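[1] Attaching a predicted model along with its sequence, questions to come.
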Amino acid sequence: MNEQDVSPKPSGPVQPFAHGVIQALAGLMTILSVLWNVDVPEWLGYAWLPEQFYAVVLGLGLAVLFLHYRHDRLEGGRVPWFDAPIAGISLVVLLYVGLNFHDLQENGFSNSTDEVIALGFVITVLIVEGLRRSSGYVMLAVVGLFLLYAPIGYLVPGQFQSPKVEVWKLFSNLGFNPNAIFGIPLQVGTSIVIMFILFGQVLMRAGGGHFFTDLAMAGMGRRRGGAAKIAVVGSALMGTISGSAVSNVVTTGIITIPLMRKAGYSALHAGAIEAVASTGGQLMPPVMGAAAFLMAEFLEIPYAQIVVAAILPSLLYYFAVFVQVDLIAGRDGIANVTEILPRFWNVLRQGAHFVVPFVVLVYGLFELNMPAEKAAIYASGAMLVLAMFIPYNGQRIRIGDLFPILAESGMIVVSLLMVVASAGIVIGILNLTGFAFALTNWLGELASGNVWIVLLIGAATCIILGMGMPTAAAYILLAALIAPVIMDHIGSRIDDPVIAGICAHMFVLYFGMMSMITPPIALSAFAAATLTKADPMTTGFVSMRLGWVAFVIPFLFVLSPTLMMFGAPLAVAVNFATATIGVYLVSVAMVGYLTRRLGWMIRVLLMIAGVAALLPDPALGFRGIVDAAGVVLGLIILGHEWLRARTAT
């Protein structure tokens, strides 16, 4: 299960032959990606264009998808007669495009030959149908609207009127313009994301999932509210290998939600805690979600720079969730986990080898300045070798596991390929029609140049557009439509265009992610609600309350990039310290408990103090006075409450 689970599911067991074909094609996708990323074609003297590689992998992905995803499985697990030919057509067409891309682009694209137009049309139709089968109807509707807008946009009155785009020009551009289907999103999906999915699959097959869960249980289970803290820590760790908020909910929630319910958390709180903790997994370095890799490519900066920028905001996110679950446990009298728990040092000793691939990954990214995909390959190789000789709880990788790991990695990436290829369709149409430029101008006029209004409109738009969409798709759409508007308006505050770009893109990523816990289409919260049997909509609203900090942090780092480690070390440290205190104060006010249940007056004062401490007031021209006042007021209130509790005992 993943973020696309609003769609028809892959069907059940297939006949052995069909299953073997699917596994072979999926495994071949991963193998080709590994070979491409370690420059094997170059070593062999083949001067392949990147688009040729993308086309071949996309063809394999489409073939796998049409054999695997369908509405109905025929009796006996047989593939419907029409799916096999569609899979074959997909493979043949994309292989032909891959082998002849240079000639098609040089001769056919410039002259818009019938062959290029026909191929562009067929590829577009295959991708749209693949999207419909794998990713549901929200993303499909968005792509459909843009495909409709392209030929009739010239009839739209006012600011959004576009130049007339002939149908033949549309499909030749979508198929062979390097900024459309075969653009950056597909590049990231076929060469970078698949390598990190492989890394995650190697970790899982080696027992990494069990190790992370055991580590969270051993470290947090004996503390107050231990069950919820296991969920928070476990989901943060699992986020490094799952790549999906919803799959993270399902994977860890099966263990943590029953623990939380048994400990005394309500069904609503148990579901919301798991949803919020799992959603944050894609914001947590060093292995973030697919959107972070896309961000690095869009901004043309190393992935390592995105990782560094994301560290402090993600720490504030999980700190807020951790504090709230602890205070809820204190308020509701929830103790630690009563089950027999693993010992922390025993877990760490048995699973110490799981640290090595992360060291390799970080060393490759930061010390050797490797491309992210190569660092992931080396990390996967390190884990593979170690897991063959060192078991975890009896689980090790054997030679016979190698191809299943490759095949499973390919299977997981298939639906993402449909998303990024479809996003390429949208980007191609945006470039062809000038819609993004028109939207930027319109939003700028609507905000009248006020950066606060731009940010508020941008945040609301991100949440709305992100609802029901996979994170990667939501980010690509928002990066094309909203991020440029924000960059234009924060340019006066942030001189460095790279920093302004990171802040703007991280802003839309955060709010796009928050659509996962924001009703009416809160996919993570709804997935958690299926496990808790609680009302999905109410679970979504409770998730929003627990995840409040994610709705605030983006405003903070856009106004003061020191929260993303841009600036003098002292300024970074001071801003992070005051923000941490502010997060704690607001969390206490939200829960209404410290050492006792708090009255409304104390909660209001704590909220005021917390907001004051959170505000990046040096960036707003207050020279730290508001921050200092908030910190002092908050510490006075906290000190009073702690002294009151001590004298009462």
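    Yes, it's here. Not measured: the values here are computed from a predicted model. Residues are numbered from 1 along each chain as shown.

[2] Pass me the low-pLDDT residue ranges in the stretch 1-150 of the chain, would you?
    Within the stretch 1-150 of the chain, the stretches with pLDDT under 70 are 1-16, 70-79, 108-110.

[3] pLDDT weak spots in the chain?
    1-16, 70-79, 108-110, 240-243, 338-340, 617-623, 649.

[4] Which residue lies nearest the spatial centre of it?
    Gly289 (3.7 Å; Cα atoms, centre = their mean).

[5] How many neighbouring residues does Gln159 have?
    Applying other Cβ atoms under 10 Å, we find 10 residues neighbouring Gln159. To be clear about C-beta, it is placed using only N, CA and C from the backbone, and glycine gets the same treatment.

[6] again, but for the one 3 residues further on
    Taking other Cβ under 10 Å as the criterion, the count of residues near Ser162 is 20.

[7] returning to that earlier point: help me confirm that the residue nearest to the centre of the chain comes into contact with Ala474.
    No: at 10.8 Å, Gly289 and Ala474 do not qualify as touching, with contact defined as Cβ atoms under 8 Å.

[8] returning to what we had before: what about the residue nearest to the centre of the chain, distance to Leu365?
    16 Å (Cβ to Cβ, to the nearest Å).

[9] Also Ile553?
    As for Ile553, its distance to Leu365 is 23 Å (criterion: Cβ to Cβ).

[10] same question, Val165
    In terms of Cβ to Cβ, Val165 sits 41 Å off from Leu365.

[11] who has more neighbours, those two?
    More crowded of Val165 and Leu365, by other Cβ under 10 Å: Leu365, with 24 against 18.

[12] can you pull out the helices in the stretch 251-400 of the chain?
    With DSSP state H, counting those that start in this stretch as the criterion, the stretch 251-400 of the chain has helices at 267-279, 290-299, 303-332, 344-350, 355-362, 372-389.

[13] ok, now the stretch 401-550 of the chain?
    Assigned by DSSP H, counting those that start in this stretch, the stretch 401-550 of the chain shows helices spanning 402-433, 435-447, 451-466, 471-481, 483-490, 497-514, 523-532, 536-546, 548-559.

[14] So for Gly219, which of these sits nearest?
    helix 536-546 (20.7 Å; Cβ to Cβ).

[15] just how off-centre is that closest one within its chain?
    20 Å (Cα atoms, centre = their mean, to the nearest Å).

[16] Identify each buried residue in that helix, please.
    Buried residues in helix 536-546, counting neighbours by 16 or more other Cβ atoms under 10 Å, are found at Pro536, Thr538, Thr539, Gly540, Phe541, Val542, Ser543, Met544, Leu546.

[17] With stretch 89-108 instead?
    Buried-residue list, stretch 89-108, by 16+ other Cβ under 10 Å: 89-91, 93-95, 97-98, 100-101, 104-105, 108.

[18] export stretch 469-486 as PDB, just CAs?
    Listed next in PDB are the C-alpha coordinates belonging to stretch 469-486 (Å, rounded to 0.1, in the frame of the first residue of the first chain):
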ATOM      1  CA  MET A 469      -2.200  13.100  -4.800                       C
ATOM      2  CA  PRO A 470       1.100  11.200  -4.300                       C
ATOM      3  CA  THR A 471       3.700  13.400  -2.700                       C
ATOM      4  CA  ALA A 472       6.000  13.400  -5.700                       C
ATOM      5  CA  ALA A 473       3.200  14.500  -8.000                       C
ATOM      6  CA  ALA A 474       2.000  17.100  -5.600                       C
ATOM      7  CA  TYR A 475       5.500  18.500  -5.200                       C
ATOM      8  CA  ILE A 476       6.200  18.700  -9.000                       C
ATOM      9  CA  LEU A 477       2.900  20.500  -9.600                       C
ATOM     10  CA  LEU A 478       3.500  22.900  -6.800                       C
ATOM     11  CA  ALA A 479       7.100  23.500  -7.700                       C
ATOM     12  CA  ALA A 480       6.000  24.500 -11.200                       C
ATOM     13  CA  LEU A 481       3.000  26.600 -10.100                       C
ATOM     14  CA  ILE A 482       3.600  28.000  -6.600                       C
ATOM     15  CA  ALA A 483       7.300  28.000  -5.800                       C
ATOM     16  CA  PRO A 484       8.200  30.600  -8.500                       C
ATOM     17  CA  VAL A 485       5.600  33.000  -7.000                       C
ATOM     18  CA  ILE A 486       7.100  32.600  -3.500                       C
END
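
[19] The closest residue to Leu348 other than its chain neighbours sits in which helix or strand?
    Nearest non-adjacent residue to Leu348, counting by Cβ to Cβ, 6 or more residues apart in numbering: Leu215, 7.1 Å away. Element membership for Leu215 (DSSP states H and E) is helix 208-220.

[20] report the angle between the axes of that helix and helix 355-362?
    Comparing the axes of helix 208-220 and helix 355-362 via axes from the mean of the first three to the mean of the last three Cα atoms, to 10 degrees yields an angle of 100 degrees.

[21] Distance from helix 208-220 to the middle of the chain?
    22 Å.

[22] Begin at 53, not 1, for the rest of this chat.
    Taking 53 as the first residue, the last one we looked at is helix 260-272.

[23] From the contact counts, what lies against it?
    Applying 3 or more Cβ pairs under 8 Å, 6 or more residues apart in numbering; DSSP states H and E, we find helix 260-272 packed against helix 278-294, helix 297-315, helix 396-402.

[24] From the rest of the structure, what touches it?
    Outside helix 260-272, the residues that touch it by Cβ atoms under 8 Å, 6 or more residues apart in numbering are 255, 278, 281-286, 289-290, 293, 303-304, 307, 389, 393-396, 398-400, 402-403, 406, 435, 444-445, 447.

[25] how far away is the residue of the chain most remote from its centre from Leu690?
    Computed with Cα atoms, centre = their mean, the maximum C-alpha offset from the centroid of the chain is found at Thr699, amounting to 47.6 Å. Thr699 sits 15 Å away from Leu690, going by Cβ to Cβ.

[26] Ramachandran coordinates for the residue nearest to the centre of the chain?
    Phi and psi for Gly341, reported as degrees, to the nearest 10, are phi -70, psi 180.

[27] For the residue lying closest to it once chain neighbours are set aside, grab the count of nearby residues.
    With sequence-adjacent residues excluded and distances taken as Cβ to Cβ, 6+ apart, Gly341 is closest to Gln334, at 3.2 Å. For Gln334, the count of nearby residues is 27 (other Cβ under 10 Å).

[28] Then Glu693?
    17.

[29] Contacts only, for it.
    Contacts of Glu693 by Cβ under 8 Å, 6+ apart are Leu646, Thr647, Arg648, Leu650, Ile654.
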